[in-house]
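[1] Mind looking at a prediction? Sequence and model below.
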Amino acid sequence: MSDQTPTPHAPRPRWVTALLIGAAILVVAFLALHLAGGGMRGHG
Amino acid sequence: MAMSPRVRKLALTAHVTASVGWFGAVAVFLALAVTGLTAKDALTVRSVYVTMGVTGWYVIVPLCFASLATGVVSSLGTTWGLLRYYWVTVKLAITVLATGALLLHMPPISHIASAAAAPDWSGDALTGLRTQLVVQSAAALVVLLLATALSMYKPQGRTRYGQRRQQRSLVAP
């Protein structure tokens, strides 16, 4: 009978982590811009 | 859902065509947006925004959906899968989010196109919106360039799901 110990997962690559951080920053910037009245309909 | 090599190449060709076409269409859209913001001639400005409305709905939106659909089909029909490798999953996320952002921004683009087609269009009208079109088109171009770079470089890294699939295939007789 083989040992069924689970193999640990490889860590997330750094480039994915960097992209996630960049995306989070963009989302925050987008929300801040729109909440401050900078939406597409907010300018005339 | 394994595809034959011929069908796989057909799906990939469709995906590359749609994706690069989308990128090119957004580049044109950016050029139009810059022209609309900076041109002095009123007729040029009005025709630019009318053109952007047509380009957006009849070129960019269809190419965006085609890129998404062909990308999903291409990945599911190959060993890359849709969620096994980070570069594929990130590309999928980028495409879905870009599609959502595009659909959110099409009504304002239609609004400015309609305003430009109206006889009472003023040269200073909707300046803020016109500036945002430039910024958002440039941002879209950067995002699509990132997706293209991921396709070419295919950086390493399996997702947890991909690692589990790999382990199951190694263990299975």
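    Noted; the coordinates are in hand.
[2] other SSEs contacting the helix ranked longest in chain B?
    When chain B is parsed with DSSP state H, its longest helix is helix B:5-38. Secondary-structure packing of helix B:5-38 (3 or more C-beta pairs under 8 Å, 6 or more residues apart in numbering or on different chains; DSSP states H and E): helix B:42-55, helix B:61-76, helix B:127-153. The C-beta positions use only the backbone N, C-alpha and C, and glycine is treated the same way.
[3] Next, the angle helix B:61-76 makes with that helix.
    150 degrees (axes from the mean of the first three to the mean of the last three C-alpha atoms, to 10 degrees).
[4] distance of B:Leu83 from B:Val171?
    20 Å (C-beta to C-beta, to the nearest Å).
[5] Which of these two has more residues huddled nearby?
    B:Leu83 (17 against 10; other C-beta atoms under 10 Å in any protein chain shown).
[6] Wait, a helix at that one?
    No: secondary structure of B:Leu83 (DSSP: H, G, I helix; E, B strand; the rest coil): coil, not part of a helix.
[7] Which residues are in contact with B:Arg8?
    B:74, B:77-78 (C-beta atoms under 8 Å, 6 or more residues apart in numbering or on different chains).
[8] Kindly recompute the last result at 6 Å.
    Applying C-beta atoms under 6 Å, 6 or more residues apart in numbering or on different chains, we find B:Arg8 in contact with B:Gly77.
[9] Quick check: it vs B:Tyr85, distance?
    From B:Arg8 across to B:Tyr85, the span is 16 Å (C-beta to C-beta).
[10] quick revisit: what mean pLDDT would you report for the longest helix of chain B?
    Across helix B:5-38, the average pLDDT comes to 96.
[11] buried residues in stretch B:130-144?
    For stretch B:130-144, the neighbour count (16 or more other C-beta atoms under 10 Å in any protein chain shown) marks B:130, B:132-134, B:136-137, B:139-140, B:143-144 as buried.
[12] Can you list the buried residues in the longest helix of chain B?
    B:11-12, B:14-16, B:18-19, B:21-23, B:25-26, B:29-30, B:32-36.
[13] Can you tell me the closest non-neighbouring residue to B:Ala14?
    Excluding the flanking residues, the one nearest B:Ala14 by C-beta to C-beta, 6 or more residues apart in numbering or on different chains is B:Thr70, at 4.5 Å.
[14] That neighbour: neighbouring residues, count only.
    Neighbours of B:Thr70 (other C-beta under 10 Å): 20.
[15] now swap in B:Ser4 and tell me
    9.
[16] gap between it and chain A?
    Per C-beta to the nearest C-beta, to the nearest Å, B:Ser4 is found 32 Å from chain A.
[17] what do you get for B:Val16?
    For B:Val16 relative to chain A (C-beta to the nearest C-beta), the value is 22 Å.
[18] B:Gln132 now?
    6 Å.
[19] Repeat that for B:Ala149.
    For B:Ala149, the distance to chain A - C-beta to the nearest C-beta - is 11 Å.
[20] and what of B:Pro108?
    4 Å.
[21] B:Ala25 too?
    From B:Ala25 to chain A the distance is 20 Å (C-beta to the nearest C-beta).
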